[in-house]
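Trainee: When you get a sec, could you give me coordinates for this:
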Amino acid sequence: MIDLYFWPTPNGHKITLMLEEAGMDYTLHAVNITTGEQMAASFIAISPNNRMPAIVDHDPGDTAQPGGGGALSIFESGAILLYLAKKAKAFAGETLRERVQVKEWLFWQVGGLGPMVGQMGHFARAPEPIPYAIKRYTDETLRLLGVLDRRLANHDFLAGSFYSVADMASYPWVRVIGGMTPMLNDFAHVRRWKDAIDARPATVRAYAKGTAVNPPAPPPAPTA
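Mentor: Okay, here's the model as predicted:
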């Protein structure tokens, strides 16, 4: 059994996507980052960077470990995805070249797409607009979308013809972009790829878990 410490952010959704695709049993533990639950000592013991997601695998199969192994905690979304892919024996490529491409695009997301989109959203909503920062992160997000679009022009998915953890890592951030601005309209191959992942049953289940944890606010009551 796997414990998942989660809040429905793009990084959190990466892990529910993987767990649902792999059909793994897991228990979801909400970590409400809006109220500071990520700062609790009990959570920092699992995730030293006090960021979710994090997992605890109670059956890692590491019986050769001195003392018999025991539960294994893992933080950082990219590390979690690679761990789960190895455990599931799926979504990480079968050949050497496939595995290399999965890791290239996974690290591309972790080091580029996620941070840039996050900063773009942050400065777009900042109480004091900083035009330089808004332009800097918007331009870099557009550049990265161009990289993604060129890759998907000749490939169904990021690592080639198969769906992988690289797609699971990038998709939630692209979905966030689509919710913030119309800029996805300029990237036809990215839109096609996003629509295909939208329609996967595991994607629907994963995002339903997020909605259950943090339901959207009801619309304001009509006034006179």
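Trainee: Pull the strand or helix carrying Arg97 out as PDB, backbone CA atoms only.
Mentor: Using DSSP states H and E, Arg97 sits within helix 96-108. The C-alpha coordinates for helix 96-108 follow below in PDB (Å, rounded to 0.1, in the frame of the first residue of the first chain):
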ATOM      1  CA  LEU A  96      17.600   2.000 -23.600                       C
ATOM      2  CA  ARG A  97      16.700   4.700 -26.100                       C
ATOM      3  CA  GLU A  98      13.100   4.900 -24.900                       C
ATOM      4  CA  ARG A  99      14.200   5.200 -21.300                       C
ATOM      5  CA  VAL A 100      16.700   7.900 -22.100                       C
ATOM      6  CA  GLN A 101      13.900   9.900 -23.900                       C
ATOM      7  CA  VAL A 102      11.500   9.500 -21.000                       C
ATOM      8  CA  LYS A 103      14.100  10.900 -18.600                       C
ATOM      9  CA  GLU A 104      15.100  13.700 -20.900                       C
ATOM     10  CA  TRP A 105      11.500  15.000 -21.200                       C
ATOM     11  CA  LEU A 106      10.800  14.400 -17.500                       C
ATOM     12  CA  PHE A 107      13.800  16.500 -16.500                       C
ATOM     13  CA  TRP A 108      12.800  19.100 -19.100                       C
END
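Trainee: just use 11 as the starting number from now, easier for me
Mentor: Happy to do that; since the first residue is 11 now, the last one works out to helix 106-118.
Trainee: Which neighbouring elements make contact with it?
Mentor: If you count contacts as 3 or more C-beta pairs under 8 Å, 6 or more residues apart in numbering; DSSP states H and E, helix 106-118 packs onto helix 87-98, helix 175-190. Every C-beta, even on glycine, is put in place using the N, C-alpha and C of the backbone.
Trainee: Can you tell me which of those helices is most buried?
Mentor: helix 175-190 (a mean of 23; mean count of other C-beta atoms under 10 Å).
Trainee: so after that helix, what's the next helix or strand?
Mentor: helix 198-208.
Trainee: of all the helices and strands packed on helix 106-118, which lies closest to Arg202?
Mentor: helix 175-190 (11.6 Å; C-beta to C-beta).
Trainee: Does anything pack onto that closest one? Which helices or strands?
Mentor: Using 3+ C-beta pairs under 8 Å, 6+ apart as the test, helix 175-190 ends up in contact with helix 20-32, helix 87-98, helix 106-118, helix 124-134, helix 141-162, helix 198-208.
Trainee: tell me the most buried of the ones you listed?
Mentor: helix 20-32 comes out most buried of the helices and strands packed on helix 175-190 by mean count of other C-beta under 10 Å, with a mean of 24.
Trainee: on that earlier part again, now the helices and strands packed on helix 175-190 as JSON lines including mean pLDDT?
Mentor: Output for those, formatted as JSON lines (pLDDT from 0 to 100):
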{"stretch": "helix 20-32", "mean pLDDT": "98"}
{"stretch": "helix 87-98", "mean pLDDT": "97"}
{"stretch": "helix 106-118", "mean pLDDT": "98"}
{"stretch": "helix 124-134", "mean pLDDT": "95"}
{"stretch": "helix 141-162", "mean pLDDT": "96"}
{"stretch": "helix 198-208", "mean pLDDT": "97"}
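Trainee: Distance to Phe172 added to the ones you listed, as a markdown table?
Mentor: A markdown table is the format used below for the helices and strands packed on helix 175-190 (distance: least, C-beta to C-beta, whole Å):
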| stretch | distance to Phe172 |
| --- | --- |
| helix 20-32 | 12 |
| helix 87-98 | 12 |
| helix 106-118 | 7 |
| helix 124-134 | 22 |
| helix 141-162 | 14 |
| helix 198-208 | 12 |
